[in-house]
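Peer 1: Provide a 3D model corresponding to the input given below.
(chains A and B)
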Amino acid sequence: MSDLIRSTAAELAARIASREVSAVEVTQAHLDRIGEVDGAVNAFLHVDTEGALKAAREVDDDIAAGAHVGPLAGVPIALKDVLTTEGVPTTVGSKILEGWVPPYDATVTRRLKEAGVVILGKTNMDEFAMGSSTENSAYGPTRNPWDLDRIPGGSGGGSAAALAAFEAPLSIGTDTGGSIRQPGAVTGTVGVKPTYGGVSRYGLVAFSSSLDQAGPCARTVLDAALLHEVIAGYDPMDSTSINAPVPPVVAAAREGANGDLSGVRVGVVTQFSGEGYQPGVLRSFEAAVAQLKQLGAEIVEVSCPSFDYALPAYYLIAPSEASSNLARFDAMRYGIRVGDDSTRSAEEVMSLTREAGFGPEVKRRIMIGTYALSSGYYDAYYGSAQKVRTLISRDFEAAFATVDVLVSPTTPTTAFRIGERTGDPLAMYKADLCTIPANLAGNAAMSLPSGLSDEDGLPVGLQLMAPALQDHRMYRVAAAYEVARDAAAGAPLIQGVPQLAGAAR
Amino acid sequence: MTSVYELMDYAEVIERFDPVLGLEVHVELHTNTKMFCGCANVFGGEPNTQVCPTCLGMPGALPTLNGKAVESAIRIGLALNCEIAEWCRFARKNYFYPDMPKNFQTSQYDEPIAFNGFLDVTLDDGSLFRVEIERAHMEEDTGKSLHVGGSDGRIHGAEHSLLDYNRAGVPLIEIVTKPIEGTGERAPEVARAYVTALRDLLKALDVSDVRMDQGSLRCDANVSLMAKDATEFGTRTETKNVNSLRSVERAVRFEMTRQAAILVAGGKITQETRHFDESTGSTSPGRTKETAEDYRYFPEPDLTPIAPSREWVEELRGTLPELPWERRKRVQDEWSLTDAELRDLVNAGAVDLVAATVDAGATPAEARSWWVAYLTKEANNRGVELSELAITPAQIATVIGLVNSGELTNKLAREVVTGVLEGEGEPEAVIEARGLKVVSDDSALEKAVDEALAAQPDVAAKIRDGKVAAAGAIVGAVMKATKGQADAKRVRELIIARCS
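Peer 2: Numbers count the residues shown, from 1 in each chain, chains lettered A, B, ... in the order given. Below is the predicted model of the structure:
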């Protein structure tokens, strides 16, 4: 069965469509794998065995009946637990939503179901997507399949680890400041943050509304592109959804795989280098840039001076919006309720529930955001941060006037050890140094493996950034680079991940 | 907390102080659906049946804007002579309350859709008073809390509370006046006249049910007093729960007399929310807050900005109906009404009803006499609005026509109307069922006249002697004998003919 779990989504879809293998077999193989290794990895918060097998059977029936099925029909997927699933628990990694079963599907969930993609279950994450290591989950940390003592990145560590542990060929993440790309980078997988508004946020439990964006995670660029086209597109249920055609990312990935990047101008962001960057990460990045040049791309250095202020601006805007978005968790309509012994007022029950239900990082951000929005401080904090946001957008505009895509390391270091940064929030926040600007400006960005860092043997991510609605540009470059890198290395990076079978801890 | 207040005599209040008012009116729009979701916007449904993930504030749910509500907001702004924003946004007003699903209200803060307008209101003596409008903005309503076990339905003393989210997300327009100065002793009257004029305007625009009793029109009255020699406004109070036009007037008047007594005694007015009690006509402090509420407003990131094109605004301006005051001017001219007659007509809320009755064939005088004189009394007796009476202008016009043709006397006509009001059907059916046709057959009447004359020979003798006034007694007897179904004028003619 191991060929099924190691296959790409594109291969699986083709084999299922030709009835060489059934969707049920493919699903069962992944369910078996989850049963085998997830005790060690903890990528899943909830596995929906029955629902997955039922969905797989329906795809098999459709194919047997000769019905037209989508390009990913029958392929299993792991869904980040921040997206609502009707009838299947959704916790957002938080104790406050323990036991909550949503009455409705997120638009992403609905689109996956309509495309015949088989949802295996819900993946672990930092509570409310706040974190860079998945250590902030109320349900225990997820471990990095490359080294079980290390973090898988965050907040979407579960979705990335599930790919690297071959528990699923595809997964969905959400990216507010790097929560798709940074986990992708440290697990040697591909993660894409589409243009803001490209994928509906309806049913995505909000952390920071103006930054949150769901996107595809996979082990190859083409798989990510196939998934991108399934979940993207205008949704009238989300007012910030863009009413425009989905960028042709699959075609771009196929075109890129031909390996020719002549005529493509690639900008190297000079701000993302130097102090705080692990030398092995920078060496891997330089090799990747050299590889792109070899493929015919023109390489230029680009300065984006406002990017230096992205991290502080982000840590005002995101907590401000979060402080308001998380106000609804008040024990009145859903989630846990603490202290309701008929002697206490509604306000006291709200307060006790929030005290017990939210973890320390969530509380920290609610407090920062509440403070930043307070009367008398608004202009200095939230107002200034919004101005920085405008400056960052201008830096991107200026850069994209001269280059087609921008590149940088995805994250300054490789995966750190579990517990290493939990006592130092600022060190933790710096994991998102390179990924945050794209969230603030709303443009497209992705991470794909550039190799292993030579000093610790852990995966390094290459970040590509493209203008809004030009997501296909980065897919083309990424696909070309992926082919060249794998050819030079002799195999896809992910094949180097240690065997986990029987690795129960 | 004391329930007995020192109050100052009203005349003395006016002698010493100038009142300053600020009126905030919340109007529920009667759009088909809620402000940000597709749930039905209907008053009075079973609790928690008109709800969905969005208006329940479920995790992950998002708002989408009701275009019809924006259209209504712009039309209201235009009718209030406001400027319409070229670009504006929603904002989140953050505070915790159990009946507010998201614990923030999606509202507008520093970028209202309409601003800088005015409304000319007619006072009781027919004079106009201009009320300046600060702004009109869009927001969503909250759910409703029902506090159980307390003495008066308020949260204080309640054992538990029930929540109904049917109202959560209903579109609201909040209309805020600029400080209203220069009213003097007429402050309470101006407050009532303003809310009345606003209600009539909103009704004409057909954007809301404007039912104060159902909460689709709600008024908060801000009142403060300035000493005659003062240069700055005094501290204000905000009185809520003012649920009728009369209450608006009473609440303002009460606050003026209460505040004046405190100020004259050397006290200070506490800036607070107060609660109006209909039964006592007094106000009492609402929930007190130790610190000023900080709503932490910021632009709503889940909704895109609203930028109504100038073409659309002008198109909407073209849809404004004849506004109440324009209509009043026109009917006064067309129907040749004196100012007093117009005022009676307007105060009775009968302009539309009379106009419709005239359209159905009656003369303005006939229609007014029914609606303003007779039916207003009927409405009062039944405790309903004139427009809520179970009779239509067309039915009144029919009755008037039957009187004019002599088929009904005025007395019979009133009985027919009563039958219609009682739900007995169309006027014709009532006449049939109750047997109310005028007896116009002279031979039948002559017989009754002869009998009456024979029964009262002394009266008959007087009439024969030329004392025609005495005929009244015989007319009365004949009317009694015919159960009022005779035409009294014709009876009198017959009596005199018989006695000459």
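Peer 1: next SSE downstream of whichever strand or helix holds residue A:354?
Peer 2: Residue A:354 belongs to helix A:346-357 when assigned by DSSP states H and E. Per DSSP H and E, helix A:346-357 leads on to helix A:360-373 as the next helix or strand towards the C-terminus.
Peer 1: buried set for the following helix or strand past that following helix?
Peer 2: Sequence-wise, the next helix or strand beyond helix A:360-373 is helix A:384-400, with elements assigned using DSSP H and E. Across helix A:384-400, burial judged by 16 or more other Cβ atoms under 10 Å in any protein chain shown covers A:384-386, A:388-389, A:391-393, A:395-396, A:399-400. (Glycine included, C-beta is placed from N, CA and C.)
Peer 1: for residue B:170, give me its contacts.
Peer 2: Going by Cβ atoms under 8 Å, 6 or more residues apart in numbering or on different chains, residue B:170 touches B:28-29, B:34-35, B:41, B:140-141.
Peer 1: closest to residue A:470 out of the residues you listed?
Peer 2: Distance to residue A:470 across these (Cβ to Cβ) is lowest for residue B:35, with 35.0 Å.
Peer 1: wouldn't that closest one be in contact with residue B:138 here?
Peer 2: Yes - Residue B:35 lies in contact with residue B:138 (Cβ atoms under 8 Å); the separation is 7.3 Å.
Peer 1: what do those two both touch?
Peer 2: B:69, B:171-172.
Peer 1: could I get the full set of strands for the chain?
Peer 2: No chain specified, so I'll use chain A. A:44-47, A:76-80, A:118-123, A:170-174, A:190-193, A:214-218, A:265-269, A:298-302, A:405-409, A:444-452, A:459-466 (DSSP state E).
Peer 1: my question was about chain B
Peer 2: B:17-28, B:83-84, B:91-94, B:104-107, B:114-122, B:128-140, B:144-148, B:160-164, B:171-177, B:217-227, B:237-242, B:273-277, B:282-285, B:298-299.
Peer 1: ok so, going back, now the shared contacts of residue B:35 and residue B:138 as TSV including neighbour count, pLDDT and distance to chain A?
Peer 2: Converted to TSV, those look like this (neighbours: other Cβ atoms under 10 Å in any protein chain shown; pLDDT from 0 to 100; distance: Cβ to the nearest Cβ, whole Å):
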residue	neighbour count	pLDDT	distance to chain A
B:69	23	98	14
B:171	27	98	16
B:172	24	98	19
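Peer 1: distance to residue B:133 added to the residues you listed, as TSV?
Peer 2: Below are the shared contacts of residue B:35 and residue B:138 laid out as TSV (distance: Cβ to Cβ, whole Å):
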residue	distance to residue B:133
B:69	19
B:171	19
B:172	16
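Peer 1: ok so, going back, of the strands of chain A, which stretch is the most buried?
Peer 2: strand A:190-193 (a mean of 33; mean count of other Cβ atoms under 10 Å in any protein chain shown).
Peer 1: given that one, what are its sheet partners and their directions?
Peer 2: Note on strand A:190-193: by DSSP bridges, its sheet partners are strand A:214-218 (antiparallel), strand A:444-452 (antiparallel).
Peer 1: low-confidence stretches in the stretch 401-505 of chain A?
Peer 2: Within the stretch 401-505 of chain A, the stretches with pLDDT under 70 are A:501-505.
Peer 1: near residue B:125, how many residues? Count them for me, please.
Peer 2: 9 (other Cβ atoms under 10 Å in any protein chain shown).
Peer 1: kindly state the pLDDT recorded for it?
Peer 2: Per-residue confidence (pLDDT) for residue B:125: 83.
Peer 1: now do the contacts for it.
Peer 2: Neighbours of residue B:125 in contact, by Cβ under 8 Å, 6+ apart: none.
Peer 1: now do it against residue A:392, distance only.
Peer 2: Between residue B:125 and residue A:392 the distance is 63 Å, computed by Cβ to Cβ, to the nearest Å.
Peer 1: cool, and residue A:26?
Peer 2: Residue A:26 is 43 Å from residue A:392, by Cβ to Cβ.
Peer 1: OK, now which residue of the stretch 1-150 of chain B is nearest to chain A?
Peer 2: residue B:103 (3.5 Å; Cβ to the nearest Cβ).
Peer 1: which ones are touching the residue nearest to that residue when sequence neighbours are not counted?
Peer 2: Nearest non-adjacent residue to residue B:103, counting by Cβ to Cβ, 6 or more residues apart in numbering or on different chains: residue A:327, 3.5 Å away. By Cβ under 8 Å, 6+ apart, the contact set of residue A:327 is B:94, B:96, B:102-104.
Peer 1: if we use 10 Å, what do you get?
Peer 2: Residues in contact with residue A:327 (Cβ atoms under 10 Å, 6 or more residues apart in numbering or on different chains) are A:350, A:354, A:366, A:370, B:57, B:92, B:94-96, B:100, B:102-104, B:296.
Peer 1: follow-up on the earlier one: relative to residue B:422, which of the strands of chain B is closest?
Peer 2: Here strand B:217-227 is closest among those (Cβ to Cβ), at 30.4 Å.
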